[in-house]
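1. The sequence and its predicted three-dimensional model are supplied below.
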Amino acid sequence: MSISANVRQPRTIVVKVPGPKGFKGDTGTSELGTVTVLSPDASPTVTQAGTPENAVYDFGLPRAPEVTLGTVTSVNPDVAPDAQFTVTGGDVEVDFDLPRAADVSVGTVSLVDNGVDPDVSNSGTDGDVVLDFDLPKSKTLDLGTVTVVDADQNPSITDSGDTNGAVFDFNLPQSKGLTLGTVSTANPNVAPSITDSGDVNGAVFDFSLPRAAEFGVDPVNVVNPDQSPSVIMTADDGDYDLEFSLPRAADVSVGTVSTVNPDVAPDVTNSGVDGDVVLDFDLPRAPTFAVGAVAAGVD
């Protein structure tokens, strides 16, 4: 047997003295005893409820904490959300402060000069929004001058106003004048025409109008009665000459008168020519009566 010693600072002497070897004992056992659920804020425990040779371990284990929702309070929109935790027996109750949605409304609308930029500002409180507008007023629209310019100029419009409104000045070409020029007479076979002999300041219309056609009658030709009447029209520069051929009245005369026997029917024939009439007659003569023998009577 040996004895050893170690010196530790400060002034600690550890002496190791080996003891006698002990006797071999019986084999021990270890068993799980009870498991008890503790509150969440308790510390876990373990106790040995058995014997030194046969150990029985009883455990005390804290359960998981319960988390429940408490109250939810609506606060103004400009308040930051918040949560309060209340711990009871290791359980947790959470209360919330939540900002409500902001109210948005229109405040004032002010008209500013036309040259000022539009603007919007927020005059709300407690996180609510009240929008105040500064809006430039619309330009006014006025009629300025109206000037009549020469007819050959183009119409134009200019704005002589300023930033607060428009003033429109007009340049309008004068209407072209309309004047009657000359009126000439043309032959009837010429189409009517109109020409403009004016300038940029007005039109001058010259007319050429055909005159009415003239009709002339040449000597009337007399033709035989057996010809049809006719007219020949000759045109010259739109005028017309008329030449008539008209049949004369037929001459009616008595030609021959012949005597025929009483038993022949009377007859008349026309032996005329060129439409003239010459009547030839066949006329039965009167019958002749004669007395023949006269017989004497007998008493």
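-> In hand now; what should we look at?
2. Report the rounded mean pLDDT for stretch 164-175.
-> Stretch 164-175 comes out with an average pLDDT of 81.
3. got the contact list for it?
-> With contacts defined as C-beta atoms under 8 Å, 6 or more residues apart in numbering, stretch 164-175 is touched by 113-115, 139-161. (C-beta placed from N, C-alpha, C; glycine too.)
4. Can you flag the buried ones in those residues?
-> Among the contacts of stretch 164-175, those classed as buried by 16 or more other C-beta atoms under 10 Å are Gly161.
5. In strands, which of the contacts of stretch 164-175 appear?
-> Judged by DSSP state E, the contacts of stretch 164-175 include 140-149, 156-159 as members of strands.
6. Any chance of TSV for these, columns pLDDT and distance to Leu178?
-> Converted to TSV, the ones in strands among the contacts of stretch 164-175 look like this (pLDDT from 0 to 100; distance: C-beta to C-beta, whole Å):
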residue	pLDDT	distance to Leu178
Thr140	74	40
Leu141	73	35
Asp142	81	34
Leu143	85	29
Gly144	87	30
Thr145	91	27
Val146	90	23
Thr147	91	23
Val148	87	17
Val149	85	19
Ser156	88	25
Ile157	88	27
Thr158	89	30
Asp159	85	34
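7. of all those residues, which two lie farthest apart?
-> Thr140 and Val149 (26.5 Å; C-beta to C-beta).
8. hey, which helix or strand in the chain has the poorest pLDDT?
-> One helix or strand of the chain scores below all others by mean pLDDT, DSSP states H and E: strand 4-8, with a mean of 53.
9. and the residue lying closest to Pro225 once chain neighbours are set aside, how far is that from Asp226?
-> In space, Pro225 comes closest to Gly275 once its chain neighbours are excluded; the distance is 2.8 Å by C-beta to C-beta, 6 or more residues apart in numbering. According to C-beta to C-beta, to the nearest Å, Gly275 and Asp226 sit 3 Å apart.
10. Please say which of these two ends up with more neighbours.
-> Shown here are Gly275 and Asp226; by other C-beta atoms under 10 Å, Gly275 has more neighbours (15 against 12).
11. Show the pLDDT at that one.
-> pLDDT, Gly275: 89.
12. ok, now Gly202?
-> pLDDT at Gly202 comes out at 77.
13. And Val183, by the same measure?
-> Val183 is given a pLDDT of 91.
14. Okay, now the sheet partners of the strand or helix carrying it, with direction.
-> Secondary structure assignment for Val183, by DSSP states H and E: strand 177-186. Sheet pairing of strand 177-186 (DSSP bridges) gives strand 202-210 (parallel).
15. next SSE after the partner strand?
-> Using DSSP H and E, the helix or strand that follows strand 202-210 towards the C-terminus is strand 215-217.
16. So what touches that next one?
-> Outside strand 215-217, the residues that touch it by C-beta under 8 Å, 6+ apart are 239-242, 244.
17. As TSV, those residues with secondary structure would be great.
-> Formatted as TSV, those follow (DSSP: H, G, I helix; E, B strand; the rest coil):
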residue	secondary structure
Asp239	strand
Tyr240	strand
Asp241	strand
Leu242	strand
Phe244	strand
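18. List buried residues within the residues you listed.
-> Asp239.
19. could the contacts of strand 215-217 go into a markdown table alongside pLDDT and distance to Gln84?
-> Converted to a markdown table, these look like this (pLDDT from 0 to 100; distance: C-beta to C-beta, whole Å):
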| residue | pLDDT | distance to Gln84 |
| --- | --- | --- |
| Asp239 | 85 | 126 |
| Tyr240 | 81 | 126 |
| Asp241 | 84 | 132 |
| Leu242 | 81 | 131 |
| Phe244 | 86 | 137 |
